[in-house]
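Undergrad: build me a model from this:
(2 chains)
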Amino acid sequence: MARILTIEDDVVTAREIAAELQAAGNQVECVGDGSVGLARALAGGYDVITLDRMLPGMDGLEVVSELRRAGIDTPVLMISALSDVDARVRGLRAGGDDYLTKPFAPEELAARVEVLLRRGAGARDTTLRVGDLELDLIARSARRSGAALDLLPLEFRLLEYLMRHAGQVLTRTMIFEAVWGYHFDPGTNVIDVHIGRLRRKVDAAGLEALIHTVRGCGYAMRAP
Amino acid sequence: MNSMDASPRHGGLSGRWRSSTKRLILVYGVFFVAWTVVLIGAISWQTASYLDGVVDSILEQRLRYLSSVERTRLPALLAATNQLDLRGLMASGLFDAQGRYLSGDIDHLPDGLAIDGRVHPLAEGVQRISGERAARMHAVALRLDDGSVMLLARDYRVVDQVGTIIRSALAWALSLTLVPGLLGGYLLSRGPLRRVRTIETAIEPVMRGDLGARLPVSERRDELDMLAAIVNRMLDQIERLLGEVKGVSDSIAHDLRTPLTRLRTQLHRVQQLGDAGDPRGELVERCIVEADALLDRFRALLRISELEDIGRRAGFGSVDLGETLRRVHELYAPLAEEREIAFALDAHAVPALRADGHLLFEALANLVENAIKFTPGGGHVLLRTTSEEGRVVIDVLDDGRGIPVEDRDAVLRRFYRSAGAAGTAGHGLGLPLVAAIARLHGYEFSIGDNPPHGTRMRLAC
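TA: Below you'll find the predicted structure:
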C-alpha cells in the first residue's frame, strides 16, 4: 500500500482526490496548508505527493522547491488551475514531476499517480518484456513470440512507453504528452488511430491481446 | 499633391477629402476675385466721377474768370495760361462771331459743341494747331459780349490715367493677396489632412479587431483632438463592453467545467460498476463521449481566451520548422490513411523560425486535422512550405468541398461552423484557435482556394 500526501486547500477537490486514490488501494493524507504540507513532506515516508499550485500559507512552487532543496525526491504531481504552458514549465522546473490541470478527471489523476509510484522501476533495463513481447532498446527492435515486428520509429516509441508502464492505465493525454511531447488536446481520435495501428502489429491475429482499451479512460498494456 | 496620394487601400476616404479641400479653395478664389473686381469697379467709378467734377469746375472757373477780363487782353491772357500749363492739358481758341479763327492753339470750333457756357465732353477730342490731338476732352464755349466765341478745352487723359493707375494698383493687390491666400489656404488645409491621415492609420488596427488601439490626441486641443478624444472614449466603452461579454462567456465556460468534470466522473463510476454485458453500459459510454465533447469545447474556448489575453512570448525560440512539420505529418498520417486520404508532406530546405514551438505545432495540427475532417475519402491533403517574398509560407491544401468566400471570415469566429460542416465532429474552435496563435506570432492566417476545388489554409510567417 502506497502512502500519498495530498496538499490541497479546496475541500471538495481534496475529498475527490482522496476517494479516487483510496479506491486504487492507497493510503491518503490530506493537508490544506502549504507550510504544514511542507513540514509533513519533509518528515518523509510518502511515496507520492499531489500538490496544488495555489495554497494558503505557502505557494505550491515554493513547497516543491523547498522540498527538492532539502534533498527529498519524492515524486510530486502538481495540480493547477493554470493550464498555460508557461505555468506548466515553471511547475516542472521548480521540481514537480508531472503537471495536471484543473478540472481533471479523477481517473486521469489516478493514472498519473500510478505512473509516479512505479517510476524508476526498471528504468535502466535495456530490454523490456511483457508476456512474450520483447523490446530491445539498444538494437531498437521488437519481437513477439520470437517473430520480429516491423515498427516505425514512432510506433517503437509508443510501444516503449506502453511497455515501460505495463499494468498501468495510460490516458490519451498522458500518451500524447509522453510520446509526442506536446501539451494540448490533439482532438478526435488521433491517438486511438496510432494505438490501433500498433495493436495490429503487436497483437496480430491468433495472438493473445497485450494492449487493452480501458473504457472511457485510455489504454493499458498487460501480460495475459 | 503627390505627398497626399495615399495607397489605393485608402482610395475612397482620401479621394473625398482631397476634392473637398480643392473645392473650398476654388470657391474661395472665385469669390475673392469677383469681390475684388466689384471693388475695383466701384473705386474707379467713384474716382472718375470725382475727377470729372474737378476738371469741369476748373474749366468753368477759368471760363468765368476769362470772360470777365477785358476783351483786348484776352488773347494774351489765353496764351499766358496755356504757357503756364506745363503738361499741355489745356487748349483754347478765340473765334469771331462767324466762327472764324482769331487766336489760341485751337483753330476751329468742334462740330456739335453747343456755345452755351456749359462743359460738354468731346469724345473725338479737338485738333490743335500743333497737330496734336487728344483722344478725349471736355470743352466749353461761350459767346462773349462782342459776339466772339471763346473755347476752352481740357484734356481728359489725366482722369483716364488716374483710373488706370487705380485699377492696376488694385489688380496688383488682388494678385498679391490671391496667390499667397490660395497657397496659404492649401498649405493650411494640408495640416488637418495630414492629421486625418494619421488618425486613419491609427484606427486601422481597430478596424482589424484590435480594440486596444487609440487615436492620437495632440497638444493643440483643437477640433480634431476633440473628435479623437470622443472616438477614444467610445472605443474605451466598446472595449469594456466586449471585454464583459467575453468575460461572461469565459467565466461560464470556466464555471461549467468543474460540475461537468464531476458529471463525467460520476458517469465513469457508473460505467465501472456495471457488468460487462449490461446494455446500459453503451448508453453511459455515449454520455461520457458527449460530456467529453462539451469539456473539449470549453477547454478550447478558454484556451483561445488565454492566448488572446496573455500574449505571451516567453515560449518563443528558434523552431526547426521542417522537424515540426514532419512531426505533424507523423501524427496525422495514420488518421488520413484510415480515411483513405493521401496525406503528403512537402517541406525541404526550410529555415528556422522564431516561434513558440508548442503553439506552432498546435496550430498546424489543427489545420491538418481540419483538412482531413473535411476531405472525402480518396481525396488529398498536402502540407507544404514555400517561400514567398522572403516570408516562409505554410500551406495546408485539400481537395474537399472548400469554404465559400462569404464564410471565410466567419469560420475564424468562435463557434461558427459552415453549413457544410453539419454532421462532422468538432467544436468549431479549431480555426479560431489557429487564428489566435497566428495573431500571437504576428503571422498572417488566410483561407483561400485550392483550385479546382478545395481549401488552402495559409500561415505566412
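
Undergrad: quick one: buried residues of the helix or strand where residue B:298 lies?
TA: In this structure, residue B:298 is located in helix B:280-310 according to DSSP states H and E. Buried residues in helix B:280-310, defined by neighbour count with 16 or more other Cβ atoms under 10 Å in any protein chain shown: B:281, B:284-285, B:287-288, B:291-292, B:294-307. C-beta coordinates here come from the backbone N, C-alpha and C atoms, glycine included.

Undergrad: out of these, which touch chain A?
TA: Among the buried residues of helix B:280-310, the ones lying near chain A by Cβ under 8 Å from any Cβ of the partner chain are B:285, B:288, B:296, B:299-300, B:302-303, B:306.

Undergrad: between those residues, which sits nearest residue B:132?
TA: Checking these against residue B:132 with Cβ to Cβ, the nearest one is residue B:306 at 104.3 Å.

Undergrad: and the closest one, what's its pLDDT?
TA: Residue B:306 carries a pLDDT value of 74.

Undergrad: and the gap between residue A:94 and chain B?
TA: Separation of residue A:94 from chain B (Cβ to the nearest Cβ, to the nearest Å) stands at 15 Å.

Undergrad: wait, that residue touches residue A:61, no?
TA: Yes: contact criterion Cβ atoms under 8 Å: residue A:94 and residue A:61 qualify, at 4.6 Å.

Undergrad: pLDDT weak spots in chain B?
TA: By pLDDT under 70, the low-scoring segments of chain B are B:1-22, B:86, B:134-135, B:208-209, B:250, B:254, B:276, B:309-315, B:413-428.

Undergrad: quick one: the helices in it, in order.
TA: B:11-68, B:74-84, B:157-208, B:223-273, B:280-310, B:321-338, B:357-373, B:430-441 (DSSP state H).

Undergrad: what helices or strands is the last one leaning on?
TA: Same thing as helix B:430-441. Secondary-structure packing of helix B:430-441 (3 or more Cβ pairs under 8 Å, 6 or more residues apart in numbering or on different chains; DSSP states H and E): helix B:280-310, strand B:352-356, helix B:357-373, strand B:444-449, strand B:455-460.

Undergrad: could you list which residues are in contact with whatever residue of the stretch 351-461 of chain B ends up closest to chain A?
TA: Residue nearest to chain A within the stretch 351-461 of chain B: residue B:362 (4.8 Å; Cβ to the nearest Cβ). Going by Cβ atoms under 8 Å, 6 or more residues apart in numbering or on different chains, residue B:362 touches A:182, A:184, B:433, B:437.

Undergrad: give me whichever of the helices of chain B is most buried.
TA: When neighbours are counted by mean count of other Cβ atoms under 10 Å in any protein chain shown, the highest per-stretch mean among the helices of chain B falls to helix B:357-373, a mean of 24.

Undergrad: rounded mean pLDDT for the host helix or strand of residue A:4, please.
TA: Secondary structure from DSSP H and E places residue A:4 in strand A:3-7. Mean pLDDT, strand A:3-7: 90.

Undergrad: so what's the gap between that strand and the chain middle?
TA: Distance of strand A:3-7 from the chain centroid (Cα atoms, centre = their mean, to the nearest Å) equals 16 Å.

Undergrad: check stretch B:407-414 too.
TA: With Cα atoms, centre = their mean, you get 31 Å for stretch B:407-414.

Undergrad: list the residues that contact residue B:43.
TA: By Cβ under 8 Å, 6+ apart, the contact set of residue B:43 is B:166, B:170.

Undergrad: surely residue A:199 and residue A:211 touch.
TA: Yes: judged on Cβ under 8 Å, residue A:199 makes contact with residue A:211 at a distance of 4.9 Å.

Undergrad: unless I'm mixing things up, residue B:261 is touching residue A:107, no?
TA: No: judged on Cβ under 8 Å, residue B:261 makes no contact with residue A:107 at a distance of 11.2 Å.

Undergrad: got the CA coordinates for the worst-scoring helix or strand of chain A on mean pLDDT in CSV?
TA: When each helix and strand of chain A is scored by mean pLDDT, DSSP states H and E, helix A:85-93 comes last, with a mean of 76. C-alpha atoms of helix A:85-93 as CSV (Å, rounded to 0.1, in the frame of the first residue of the first chain):
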residue,chain,number,x,y,z
VAL,A,85,2.3,26.1,-20.9
ASP,A,86,4.4,28.7,-19.1
ALA,A,87,2.8,27.7,-15.8
ARG,A,88,3.5,24.0,-16.6
VAL,A,89,7.1,24.7,-17.4
ARG,A,90,7.5,26.7,-14.1
GLY,A,91,5.9,23.9,-12.2
LEU,A,92,8.1,21.2,-13.6
ARG,A,93,11.2,23.4,-13.4
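
Undergrad: in it, which residues are buried?
TA: A:85, A:87-88, A:90-91.

Undergrad: just checking, what packs against the helix or strand hosting residue A:196?
TA: Assigned by DSSP H and E, residue A:196 falls within helix A:190-202. Under the contact criterion of 3+ Cβ pairs under 8 Å, 6+ apart, helix A:190-202 touches helix A:153-164, helix A:172-175, strand A:211-214, helix B:321-338.

Undergrad: can you redo the ones you listed as CSV with distance to residue B:116?
TA: What follows is the helices and strands packed on helix A:190-202, written out as CSV (distance: least, Cβ to Cβ, whole Å):
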stretch, distance to residue B:116
helix A:153-164, 129
helix A:172-175, 126
strand A:211-214, 137
helix B:321-338, 112
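
Undergrad: which one of the ones you listed lies nearest to residue B:84?
TA: Residue B:84 sits nearest to helix B:321-338 of all the helices and strands packed on helix A:190-202, at 107.4 Å, using Cβ to Cβ.
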